[in-house]
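Engineer: Below are the sequence and a predicted model; questions follow.
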Amino acid sequence: MQDVDEIPTPPRLLWLALSAFPLHPLSLPSTVLHNCPPHGHALTGLPISHLSQATATMYQSSLPRLLPRTLRAVRPRTTRSFSTEARLTADHVRVVEVGPRDGLQNEKKSISLKTKIELIERLAKTGVTTIEAGSFVPAKWVPQMASTSEILQHLLRTPPQSGNQISYNYLVPNIKGLENLVKLMEAESAAAGANSDSEATTTTEISLFAAATEAFSKANTNCTIAESIERVRPIVALAKEKDIRVRGYVSVALGCPYEGPDVSPLKVAEITATLLEMGADEVSVADTTGMGTAPRTLELLRTLTAAGIANSDLALHFHDTYGQALVNTIVGLEHGIRIFDSSVGGLGGCPYSKGATGNVATEDLVHTLHSLGMHTGIDLEEMARIGSWISDELGRANDSRAGKATLARIAGEKTCP
Ligand SMILES: CC(C)(COP(=O)([O-])OP(=O)([O-])OC[C@H]1O[C@@H](n2cnc3c(N)ncnc32)[C@H](O)[C@@H]1OP(=O)([O-])[O-])[C@@H](O)C(=O)NCCC(=O)NCCSC(=O)C[C@@](C)(O)CC(=O)[O-]
């Protein structure tokens, strides 16, 4: 099986996909696509003191000393992979379902534990292999996630029925969050003793996060970027000791609610590389505000590649605030990314990013990926039913077009003679 980093995207994928959009990257003047803004050029001239030592060493070893003024010609000599991911094939995409965590965390109305568990149990039957199930954060910061301990206990005691192995992921903002999670896991495993079969079908993993701008870091985690990176160190150390897989997030990678759309791709690359070097198994680069556009997504991905970061270590996490999530997904796909985050029914928003709408809907993402000949293993019809059900439960509109269209088609097929 070939490594995803070695295989070009299936022929004409981008052309086929972007023909659906009125303005696509390939129709843009090449100067827009290839002449990156000043921070892109900074790759060639940025004083090494602006980068972490680890990243600086990486740039020095992986980039030619004098780079051309465009990023077009930038090819790292080596791409270093930290991936613990099973090898992916070029036409397989792993979808990370973030609905039960990212999707629900911002809902104002209290959601019952029963509904949260039903959501997870239904998602487990769709073929999805990673589900964000909650977060170990103080209830005063994110009240909706207060029942995460009970969710973890339930999933360990009664693993949801599923045709495949599932990783349940929990967000931890600091070491205290992980310590709470580990305490619960160990108590459950001691109580279950040798009779437990939960490990056979479920795995527990964590996510930690940092932001690419100081203002967002302060609002979201009450600390500077540098302090948030320092918080990561003991989290990764404890997770590795306990054999727990670690996912990193870099928030506001394509736009910040406080500092605007011009977030430095170099800063994103620096933080991503640092998280990987600290031991994260994959990093999800997040467009928290949905401000990302196709050219800026491409520029960011090229900067990450130029920094020596392997595509197999990256995931992309798009919010759909400006309706650009699928366009940006295709840019990511074309670049070689094969892990994408999404939330059923387009649930979500971010408590620290006013006006940000949900993640791209899983149904829309899966429909698009399947239409391009990619495989996800996900049952779109079942996902569409879940999107409709959870939207009704929450009293909100179903934000998935593909979900609604799929359900309408099924209903039409039933009524047609
Ligand atoms: C990081 C903190 C905790 C700092 O918050 P703080 O108030 O500075 O924390 P502190 O260390 O000063 O502690 C204050 C109190 O909280 C307790 N505490 C401390 N930690 C925990 C914990 N883990 N679990 C339970 N309790 C905890 C601690 O023990 C203490 O209790 P007290 O002594 O007052 O009784 C806070 O800022 C926080 O929780 N931030 C997270 C906010 C959040 O969850 N945001 C949303 C998730 S990020 C996101 O959605 C983006 C993402 C990932 O989806 C990607 C994207 O789209 O960008």
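Structural biologist: Nice, thanks for sending it over.

Engineer: so where's the stretch 201-350 of the chain uncertain?
Structural biologist: Counting by pLDDT under 70, the ranges of the stretch 201-350 of the chain that qualify are 350.

Engineer: same thing but at 90, please
Structural biologist: 201-202, 348-350 (pLDDT under 90).

Engineer: Can you name the residues of it that neighbour the ligand?
Structural biologist: Phe209, Asn220, Thr221, Asn222, Tyr249, Ser251, Ala286, Thr288, His317, Cys350 (C-beta under 6 Å from any ligand atom). Glycine gets a C-beta too; all of them are placed from N, C-alpha and C.

Engineer: Tell me which two in those residues are the farthest apart.
Structural biologist: Asn222 and His317 (21.9 Å; C-beta to C-beta).

Engineer: Who has more neighbours out of the two?
Structural biologist: With other C-beta atoms under 10 Å as the criterion, Asn222 and His317 differ in neighbour count, and His317 comes out ahead with 25 against 12.

Engineer: State the paired neighbours of the helix or strand encompassing the more buried one in the sheet, together with their directions.
Structural biologist: Assigning secondary structure by DSSP states H and E places His317 in strand 314-318. Strand 314-318 has the following strand partners under DSSP bridges: strand 282-287 (parallel), strand 339-342 (parallel).

Engineer: Isn't Ile337 up against Leu301?
Structural biologist: Yes. At 7.3 Å, Ile337 counts as touching Leu301 under the criterion of C-beta atoms under 8 Å.

Engineer: what's downstream of the strand holding His317, the next helix or strand?
Structural biologist: Next along from strand 314-318, by DSSP H and E: helix 325-335.

Engineer: if we can go back for a sec, measure how far the strand holding His317 is from the centre of its chain, please.
Structural biologist: 4 Å (C-alpha atoms, centre = their mean, to the nearest Å).

Engineer: what angle do that strand and helix 325-335 make?
Structural biologist: On the basis of axes from the mean of the first three to the mean of the last three C-alpha atoms, to 10 degrees, strand 314-318 is oriented at 160 degrees to helix 325-335.

Engineer: where exactly do the strands run in this structure?
Structural biologist: Listed in chain order, the strands found in the chain under DSSP state E are 94-97, 130-135, 166-171, 202-211, 245-251, 282-287, 314-318, 339-342.

Engineer: average pLDDT across the third one?
Structural biologist: Taken as a whole, strand 166-171 has an average pLDDT of 98.

Engineer: other SSEs contacting that strand?
Structural biologist: Contacting strand 166-171 under the criterion 3 or more C-beta pairs under 8 Å, 6 or more residues apart in numbering; DSSP states H and E are the following elements: strand 130-135, helix 148-157, helix 175-192, strand 202-211.

Engineer: What strands flank that strand, and is each parallel or antiparallel?
Structural biologist: strand 130-135 (parallel), strand 202-211 (parallel).

Engineer: need the ones you listed in JSON lines with distance to Arg409, can you?
Structural biologist: Listed next are the strands paired with strand 166-171 as JSON lines, based on distance: least, C-beta to C-beta, whole Å:
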{"stretch": "strand 130-135", "distance to Arg409": "26"}
{"stretch": "strand 202-211", "distance to Arg409": "33"}
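
Engineer: dump the residue contacts of whichever residue of the stretch 101-250 of the chain sits closest to the ligand.
Structural biologist: Residue nearest to the ligand within the stretch 101-250 of the chain: Gly177 (3.3 Å; C-beta to the nearest ligand atom). By C-beta atoms under 8 Å, 6 or more residues apart in numbering, the residues touching Gly177 are Ser135, Phe136, Val137, Tyr170, Leu171, Ile235.

Engineer: what's near enough to touch the third one?
Structural biologist: In this case it means Val137. Met145, Leu171, Pro173, Gly177.

Engineer: Please report how far it lies from Ile309.
Structural biologist: 28 Å (C-beta to C-beta, to the nearest Å).

Engineer: try the second one
Structural biologist: Phe136 sits 28 Å away from Ile309 when distances are taken as C-beta to C-beta.

Engineer: So those two - more neighbours on which side?
Structural biologist: A count of neighbours by other C-beta under 10 Å puts Ile309 above the other of Phe136 and Ile309, at 26 against 22.

Engineer: Just list whatever residues bridge to that one.
Structural biologist: With DSSP bridges as the rule, Ile309 is bridged to Arg80.

Engineer: Roughly how far does it sit from Arg296?
Structural biologist: Distance from Ile309 to Arg296, by C-beta to C-beta: 17 Å.

Engineer: Ok, Arg338 next?
Structural biologist: 21 Å.

Engineer: Equivalent analysis for Asp287, please.
Structural biologist: For Asp287 relative to Arg296 (C-beta to C-beta), the value is 9 Å.

Engineer: Need the residues touching each of these two.
Structural biologist: With C-beta under 8 Å, 6+ apart as the test, Asp287 and Arg296 both reach Leu254.

Engineer: more crowded one of those two?
Structural biologist: Under the criterion of other C-beta under 10 Å, the comparison of Asp287 against Arg296 puts Asp287 first, with 30 against 24.

Engineer: I'd say that one and His319 touch.
Structural biologist: Yes. Counting by C-beta under 8 Å, His319 is a contact partner of Asp287 at 5.8 Å.

Engineer: what do the two both touch?
Structural biologist: In contact with both Asp287 and His319: Ala325, using C-beta under 8 Å, 6+ apart.

Engineer: list the contacts for Val136?
Structural biologist: Quick fix: residue 136 reads Phe, not Val. Met145, Thr148, Ser149, Tyr170, Leu171, Val172, Pro173, Lys176, Gly177, Leu178, Asn180, Leu181.
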